[in-house]
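Engineer: my questions are about this predicted structure, shown below with the sequence.
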Amino acid sequence: MNKKKALSLVLVTALAGSALITGCGSQSTASTDTAATTAATQESAAAESTAAAETETANGELPTIKFVHGYYQTAEEWPAAEVMRQIYADFAELHKDEYTFEAVADETGGEGIYNTALNDLSSGEFYDIADFGGWDITPVASEAGAILDLKPYLDEDQAFKDGVGVCYDQNLTDDGKIYTVREQVEAIGFWYNENLFNEAGADTPDKWQTWDDFNTAVDKLVAAGINPFGLNGGWPSNILTGASLQRNEASREFYQNGLNVTDFNTDAFKETVAFMQDDALGKIDTAYFGPGGDDDNAYTDTFKEGKSAMLFNGVWAAGDAAEVDGAKPAVFPTDEPGKKAALMTGGCGLVVSSKLDEAQTAAAIDFLKYMTSPEIAAKIVEAGVGMAPSTTVDYKAIEGNVTDAAGKPLVEACNLCQSADYQSVGFGTAFGGGIEGEMSAKYAGLKDGSKTPDDVAQELNDFVAAE
């Protein structure tokens with residue numbers, strides 16, 4: 001809400017309350033004098049009339065909340081952006097008689113919204129509602145008392161809680177609060193080209209029972225002269241590392257303790273590093289390894305061109321996969337025969353100011369419930385935007401409504417992630433940005449043999465000790 005408008009409403013309400021109190025006081029002190037009583041009554045009535053008029057003026061302006069998001073792209077640049085903007089517009093139209101909902105696209109995206117929030121917090125300001133798109137503002141904003149604890153609203157409404165799905169547990173703080181929910185999650189498995197697997201005589205991922213089957217298939221692809229996948233010192237490698245750490249109970253326990261891990265010199269971790277060195281990085285040509293960065297576009301391109309058999313990326317890559325003949329989604333194996341794993345990160349998304357008035361807060365909660373509702377979840381999936389966190393989405397039912405080319409592989413990918421036996425957050429979320437960055441810097445050494453799993457474990461221990 002505009003600050004001046006908010007201040008004027010406060011002043012009007014205060015004046016109205018003052019007039020009412022004055023009127024009541026005059027009436028009570030003139031009970032023994034008829035003339036005085038009549039005058040007081042008239043004065044009180046006038047005051048009440050004035051207060052009523054002033055209150056009507058205040059209430060005549062509907063509560064206003066502004067929502068800032070990063071979906072600024074044109075339909076040609078990114079069709080999902082137009083879909084999301086229409087979803088926001090539909091909400092505004094649905095509630096236009098109750099409050100004014102303004103959705104504003106910020107062309108700086110999630111990072112820009114995050115940086116603006118950091119600057120505003122220093123002066124005690126914050127967005128009414130904003131979508132941070134994975135940029136975690138919650139530690140600093142909650143410390144400043146600037147954002148609303150959503151847990152009470154979630155706990156009183158089971159449908160709302162079901163709608164936020166994995167975000168409930170993942171975003172629950174140590175002191176029992178939830179400051180953010182999302183209408184989408186970063187759901188990650190991988191994509192494979194069935195035609196290339198068949199050409200190599202390798203079992204496709206849907207037939208794999210354990211990681212041994214992955215290794216066997218990679219060996220057959222390499223023997224047939226087919227590049228199995230591309231990796232780099234960033235995103236794709238961290239996906240595979242995180243997936244490997246879901247392989248058994250011990251490695252999953254290590255992974256779940258990620259942010260609290262101080263000793264990486266464990267079998268659970270070093271076995272995964274050895275896997276990355278020998279069975280992943282060691283199986284690809286140098287041309288398919290990039291030394292740094294999170295940019296996986298090069299590997300997306302080689303997959304789309306039919307030059308690699310697997311692409312480690314999330315469900316949102318459905319649009320790219322739709323361009324590839326024989327492309328299909330999969331989730332990761334484990335060492336428990338037939339058990340599957342997916343990486344699903346809620347992260348920081350929709351955040352509400354704690355400084356809104358009662359009407360504005362109610363409107364904000366309405367919006368969050370709307371964004372996590374089954375209807376919007378279906379729209380997000382059907383339009384090929386991404387995966388909704390809701391535990392109640394029936395992907396089989398949605399499949400029949402999908403017309404977009406990217407929608408069908410997306411629905412299949414989401415269904416696989418939702419039905420995976422084990423669902424954990426991504427590597428960076430599990431261990432934090434510091435360890436993620438340090439690990440990213442180790443892949444080149446593992447690739448060229450200048451580092452061993454013991455070296456990596458010790459270097460990460462040294463990093464943690466120095467923090």
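Structural biologist: Okay, I see it.

Engineer: every contact and neighbour count from this point should use C-alpha atoms.
Structural biologist: Will do.

Engineer: quick one: the strands in this structure?
Structural biologist: 64-69, 100-105, 129-131, 186-188, 190-193, 231-232, 289-290, 310-311, 327-330, 332-333, 340-345, 350-352, 422-424 (DSSP state E).

Engineer: distance between the ends of stretch 176-193?
Structural biologist: Distance between the two ends of stretch 176-193: 44 Å, counting by CA to CA, to the nearest Å.

Engineer: distance-wise, check residue 399 relative to residue 164.
Structural biologist: 21 Å.

Engineer: with neighbour numbers in mind, choose between the two.
Structural biologist: residue 164 (28 against 19; other CA atoms under 10 Å).

Engineer: what's the least confident stretch among the strands of the chain?
Structural biologist: Note on the strands of the chain: lowest mean pLDDT is at strand 289-290, with a mean of 84.

Engineer: just checking, what packs against it?
Structural biologist: Applying 3 or more CA pairs under 8 Å, 6 or more residues apart in numbering; DSSP states H and E, one finds that strand 289-290 contacts strand 231-232.

Engineer: other SSEs contacting the strand it packs on?
Structural biologist: By 3+ CA pairs under 8 Å, 6+ apart, strand 231-232 packs against strand 289-290.

Engineer: so which of the strands of the chain is nearest residue 177?
Structural biologist: Of all these, strand 350-352 sits nearest to residue 177, with 12.8 Å by CA to CA.

Engineer: who's in contact with the closest one?
Structural biologist: Applying CA atoms under 8 Å, 6 or more residues apart in numbering, the external contacts of strand 350-352 come out as 127-133, 147-148, 179-182, 364, 368.

Engineer: related to what we said a few turns ago, turn the strands of the chain into a markdown table, including mean neighbour count and distance to residue 304.
Structural biologist: As requested, these are exported to a markdown table (neighbours: other CA atoms under 10 Å; distance: least, CA to CA, whole Å):
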| stretch | mean neighbour count | distance to residue 304 |
| --- | --- | --- |
| strand 64-69 | 21 | 30 |
| strand 100-105 | 18 | 31 |
| strand 129-131 | 24 | 31 |
| strand 186-188 | 27 | 18 |
| strand 190-193 | 25 | 9 |
| strand 231-232 | 26 | 15 |
| strand 289-290 | 20 | 17 |
| strand 310-311 | 28 | 9 |
| strand 327-330 | 25 | 9 |
| strand 332-333 | 28 | 21 |
| strand 340-345 | 26 | 23 |
| strand 350-352 | 26 | 33 |
| strand 422-424 | 20 | 27 |
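
Engineer: tell me which of those lies nearest to residue 437.
Structural biologist: Of all those, strand 231-232 comes closest under CA to CA, at 12.6 Å.

Engineer: chain center to that closest one: distance?
Structural biologist: 24 Å (CA atoms, centre = their mean, to the nearest Å).

Engineer: before we move on, what about stretch 413-424?
Structural biologist: Distance, centroid of stretch 413-424 to centroid of chain: 16 Å (CA atoms, centre = their mean).

Engineer: for stretch 401-408, give the mean pLDDT please.
Structural biologist: Taken as a whole, stretch 401-408 carries a mean pLDDT of 78.

Engineer: and if you look at stretch 381-388?
Structural biologist: 84.

Engineer: roughly how far apart are the closest residue to residue 63 other than its chain neighbours and residue 354?
Structural biologist: Using CA to CA, 6 or more residues apart in numbering and skipping residues adjacent in sequence, the residue nearest residue 63 is residue 99, 4.9 Å away. Going from residue 99 to residue 354 by CA to CA gives 18 Å.

Engineer: list the contacts for the residue lying closest to residue 71 once chain neighbours are set aside?
Structural biologist: Excluding the flanking residues, the one nearest residue 71 by CA to CA, 6+ apart is residue 81, at 4.7 Å. Contacts for residue 81 (CA under 8 Å, 6+ apart) come out as 71-75.
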